[in-house]
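Asks: Prediction below, plus the sequence it came from.
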Amino acid sequence: GEKAFVSGADISQFEDQRAAQEAVARYEAMAEAALTGIERCPVPTLACIRGWCIGGGVNVAIACDIRIAAADAVFSVPAARLGLGYRYSAMKNLVDLLGPGMAKDLFFTARRIDAAEAKAVGLVSRVCPVEGLEALLAEYTQALADNAPLTIRAAKFISGEVLKASPQADLERCQQMIRDCFASEDYAEGRRAFMEKRRPAFKGR
């Protein structure tokens, strides 16, 4: 929306939903499933952020592949002000994206950062004036739509595997996805289009 991407969990409901251990476990499982669903989406995901992006909203944004923001965006992870624990997967995503130093800075202080600082630390890729956000979103989605789907899908999967510890990475699947790209009709089309100085028409096969 115009005021918030995600303004965070409703703290007034914490007494009912995140006080007892059983309730906390239910809430955490639900949140984990939601973020995992975003991360495992085989096609690129893009977070378009205006206004407040707080707490769980930062988790949702980080779960996406690309983040763009309007100049009025504000980010914060205020867990330390509430005394709640942050699960491993959410903290790992924050550390993987920002590095341990900046992740600790934001987490320990619970401070708010504006869109300019978010871009400077790598939390978002692009920042634009509020009135230009829809145009920037259209530019990004068109760029993704114009490029080779198999290549993008392989890059997304392999990027995720790179972040895993080496024994856990599915290197065979990574190699297979690369082989599939080179064996695809799209690779042949890309070569032809380059030689013919025209835009390729990719089909995802």
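Replies: Perfect, I can see it now.
Asks: where does this structure have low pLDDT?
Replies: Counting by pLDDT under 70, the chain shows low-confidence ranges at 1-2, 7-20.
Asks: Next, the buried residues of the longest helix belonging to it.
Replies: Across the chain, the longest stretch assigned as helix under DSSP state H is helix 21-39. Residues A31, L35, I38, E39 are the ones in helix 21-39 that count as buried (16 or more other CB atoms under 10 Å). Every residue, glycine included, has its C-beta placed from N, CA and C.
Asks: For the first one, list the residues it contacts.
Replies: If I follow you right, that is A31. G56, N59, R87 (CB atoms under 8 Å, 6 or more residues apart in numbering).
Asks: what are the ranges of the strands in the chain?
Replies: 4-6, 46-49, 52-54, 66-70, 74-76, 113-114, 126-128 (DSSP state E).
Asks: Which residues does the fifth one contact?
Replies: So that's strand 74-76. Outside strand 74-76, the residues that reach it (CB under 8 Å, 6+ apart) are 51-55, 58, 106, 110-115, 118, 123.
Asks: middle-most residue in the protein, spatially?
Replies: Residue closest to the average C-alpha location in the chain (CA atoms, centre = their mean): C64, at 2.1 Å.
Asks: Just give me the neighbour total for L137.
Replies: Residue crowding around L137 was assessed by other CB atoms under 10 Å; the count is 15.
Asks: what's the distance between L35 and Y27?
Replies: Distance of L35 to Y27, given as CB to CB, to the nearest Å: 13 Å.
Asks: so of the contacts of A31, which ones are in helices?
Replies: Applying DSSP H to the contacts of A31, the entries found in helices are G56, N59.
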